[in-house]
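Asker: model the structure of this input:
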Amino acid sequence: QVQLTESGGGPVQAGNSLTLACTADPPRYNPYAWGWFRQAPGKEREFVASITWTGGITHYSESLEGRFTISRDAAKNAVYLQMNTLQPEDTAVYYCATTISGGRSPGEYDYWGQGTQVTVSS
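Answerer: Residues are numbered from 1 along each chain as shown. From the prediction side, this is the model:
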């Protein structure tokens, strides 16, 4: 069984930055790609970004590209989401997930973390 664990969430003021991290157990688990999703209260879970483990090919939500950056650290078997110039509308639970096939739909992802809350205040 694969366990994903997110960290780095919390309260932040608008305009500031935050970096989320996601690690996998077992440490040698290497899926095709890792993704970040978010879900705000009363809204559907939405795609934020993804990165392939081999090659580091990235994909972003069009509305977030330029402010958010996804990256990976093979040595730590970790994936990160750097979020800049945060706005109150970025408030959501952020989830890390992995997929063996790729894609932007939550249904294409096999394993999920428990989520980490990001709250942006104005």
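Asker: give me the pLDDT for the residue nearest to the spatial centre of the chain.
Answerer: Centroid-nearest residue in the chain, with Cα atoms, centre = their mean: Trp36, separated by 2.4 Å. With respect to pLDDT, Trp36 scores 98.
Asker: against Gly55, how distant is it?
Answerer: Using Cβ to Cβ, to the nearest Å, one obtains 18 Å as the distance from Trp36 to Gly55. For every residue, glycine as well, the C-beta is placed using N, CA and C.
Asker: list the buried ones in the one helix or strand the residue nearest to the centre of the chain maps to?
Answerer: According to DSSP states H and E, Trp36 maps onto strand 33-39. Buried residues in strand 33-39, counting neighbours by 16 or more other Cβ atoms under 10 Å, are found at 33-38.
Asker: what strand or helix carries the residue nearest to Phe37 when sequence neighbours are not counted?
Answerer: Nearest residue to Phe37, sequence neighbours excluded (Cβ to Cβ, 6 or more residues apart in numbering): Tyr95, at 4.7 Å. Using DSSP H and E, Tyr95 sits within strand 92-99.
Asker: next helix or strand past that strand?
Answerer: strand 111-112.
Asker: now do the contacts for Thr119.
Answerer: 10-12, 91 (Cβ atoms under 8 Å, 6 or more residues apart in numbering).
Asker: export the strand holding Trp36 to CSV, keeping only CA atoms.
Answerer: What follows is strand 33-39, C-alpha atoms only, in CSV (Å, rounded to 0.1, in the frame of the first residue of the first chain):
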residue,chain,number,x,y,z
ALA,A,33,3.5,11.2,-12.5
TRP,A,34,2.6,13.1,-9.4
GLY,A,35,-0.1,15.7,-9.2
TRP,A,36,-1.4,18.5,-7.0
PHE,A,37,-5.1,19.1,-6.7
ARG,A,38,-7.1,21.5,-4.5
GLN,A,39,-10.7,21.6,-3.2
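Asker: in the next helix or strand after that strand, what's buried?
Answerer: Later in the chain than strand 33-39, the nearest helix or strand by DSSP H and E is strand 46-52. For strand 46-52, the buried set under the neighbour-count rule, 16+ other Cβ under 10 Å, comprises 47-52.
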